[in-house]
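> Let me see the structure of the following:
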Amino acid sequence: LMATTFGGSDYAPIPDPPSTKRPDSARSDETSEPDDDFVTLDWALHDEEANSDAMRRLESLKTLPRSFGAVLKVYDALQGWIALTLIGCATGFLAAVVAIASEWASDLKFGHCYSDGFVNHFWVARKMCCKHSIGDESCPLWRRWHETFESLTDISLGSASWGFDYTSYVVVSLIQALLAARLCITLAPFAAGSGIAELKVILGGFVIKRFLGALTLAVKTVGLILQVGANVGLGKEGPFVHVGCCVANIVSRAFAKYRSNASKKRELLSCAAAAGVAVAFGAPVGGVLFSLEEISSYFPPKTMWRSFFCSAVAVLAMAQLNPISNGAKLVMFEVTFHHHWKLFELVPFALLGAAGGL
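Numbering: from 1, shown residues only. Model prediction:
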């Protein structure tokens, strides 16, 4: 069914029934990941192997000189926090890139920024292009497409300028949407969709190769920019969860503690899913709750605190790297009160809370 749903012959068929036995490659190396695609993992067995692997690492450190062994012990203990910091920074960076590029792609449907030449400020979004102007109509640097056409051809469109702008809007939107779809079909089919359902399956112990690879991450990021710019009926909240988990999978390869241990890598994926939601809504605590309630099948208290740390780092990195926000509100659904509440208003507040609970 999954092979039929995804389409094409690039996907290996699912064994009937899926094998829950350890593949031969995993038997030869206790902590290695299975080489087979679309197989299930025994998390109880992997947790036992993770503990054995940790004990072997600590025992091997005892054979080293005391000072050098102490340094390696500290590094071994800090590997998780270092990986979480890298995941948070990378996720925040990609979120800032998507925010900046998607705003430019969305503005491109209406026109472009112009200054002493066609390409000088072509890659600047309208908000940055007109930051010193009051309103879009008084912005001398922003050119609509009919104005660019008239300046290049010396042909006056007159009353037909609105039709030219409308046609440009439709054409640019179609190009962006078709390009995003083409990238997914030809380069990374796993980049299609939000990816949340597949991530829940992976964290439950199912192996889907290439779903968290570097190519999928690149196509997902570019496709996300294009589809947001095209204003199709999709958001970037779900895809950010997939982006964060792709980053976590790539970062885990740099640490021996997570590289060949699927059980330990599961903790990083849970934290990365929380970071993805956090950068989408500007809410680190909301990201932790989402990972706890919707994504993860195993979420101990240690993972909860690490998820909050990773989410906070991601949100701070995004806020610092996004110049378009420039001090604007970070939370997507922030509410600002201009008047102080009155004592009698507690009664309807209480009734609303009781009605919501019921």
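> Okay, and residue 143 sits in which element?
strand 142-144 (DSSP states H and E).
> Centre of the chain to that strand, how far?
32 Å (C-alpha atoms, centre = their mean, to the nearest Å).
> in whatever helix or strand comes next after it, what counts as buried?
Next helix or strand after strand 142-144 toward the C-terminus (DSSP H and E): helix 145-153. Buried residues in helix 145-153, counting neighbours by 16 or more other C-beta atoms under 10 Å, are found at 145, 146, 147, 148, 149, 150. For the C-beta atoms, the positions are set from N, CA and C on the backbone; glycine is no exception.
> Show the average pLDDT along the helix or strand following helix 145-153.
Counting by DSSP H and E, the next helix or strand C-terminal to helix 145-153 is helix 161-186. Across helix 161-186, pLDDT averages out at 91.
> Who are the packing partners of helix 161-186?
helix 145-153, helix 214-229 (3 or more C-beta pairs under 8 Å, 6 or more residues apart in numbering; DSSP states H and E).
> Give me the angle between it and helix 214-229.
Here helix 161-186 runs at an angle of 160 degrees relative to helix 214-229 (axes from the mean of the first three to the mean of the last three C-alpha atoms, to 10 degrees).
> For helix 161-186, which residues meet the burial criterion?
Applying 16+ other C-beta under 10 Å to helix 161-186 flags 161, 164-165, 168-169, 172-173, 176-177, 180-181, 183-184 as buried.
> What number of residues are in the vicinity of residue 221?
20 (other C-beta atoms under 10 Å).
> Next up, the contacts around it.
Residue 221 sits next to 94, 97, 98, 243 when contact means C-beta atoms under 8 Å, 6 or more residues apart in numbering.
> Number of residues surrounding the third one?
In other words, residue 98. Neighbours of residue 98 (other C-beta under 10 Å): 25.
> Okay, and it sits in which element?
Using DSSP H and E, residue 98 falls in helix 66-107.
> just to revisit the earlier point, which helices and strands sit right next to the strand holding residue 143?
strand 111-113.
> Tell me which helix or strand comes right after the strand it packs on.
helix 126-129.
> How far away from the center of its chain is that next one?
That offset, for helix 126-129, works out to 25 Å (C-alpha atoms, centre = their mean).
> Can you pull up the most central residue in this protein?
residue 240 (2.4 Å; C-alpha atoms, centre = their mean).
> re earlier: can you redo the buried residues of helix 161-186 as JSON lines with distance to residue 350?
JSON lines is the format used below for the buried residues of helix 161-186 (distance: C-beta to C-beta, whole Å):
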{"residue": "161", "distance to residue 350": "57"}
{"residue": "164", "distance to residue 350": "57"}
{"residue": "165", "distance to residue 350": "52"}
{"residue": "168", "distance to residue 350": "54"}
{"residue": "169", "distance to residue 350": "49"}
{"residue": "172", "distance to residue 350": "51"}
{"residue": "173", "distance to residue 350": "47"}
{"residue": "176", "distance to residue 350": "49"}
{"residue": "177", "distance to residue 350": "48"}
{"residue": "180", "distance to residue 350": "48"}
{"residue": "181", "distance to residue 350": "50"}
{"residue": "183", "distance to residue 350": "52"}
{"residue": "184", "distance to residue 350": "49"}
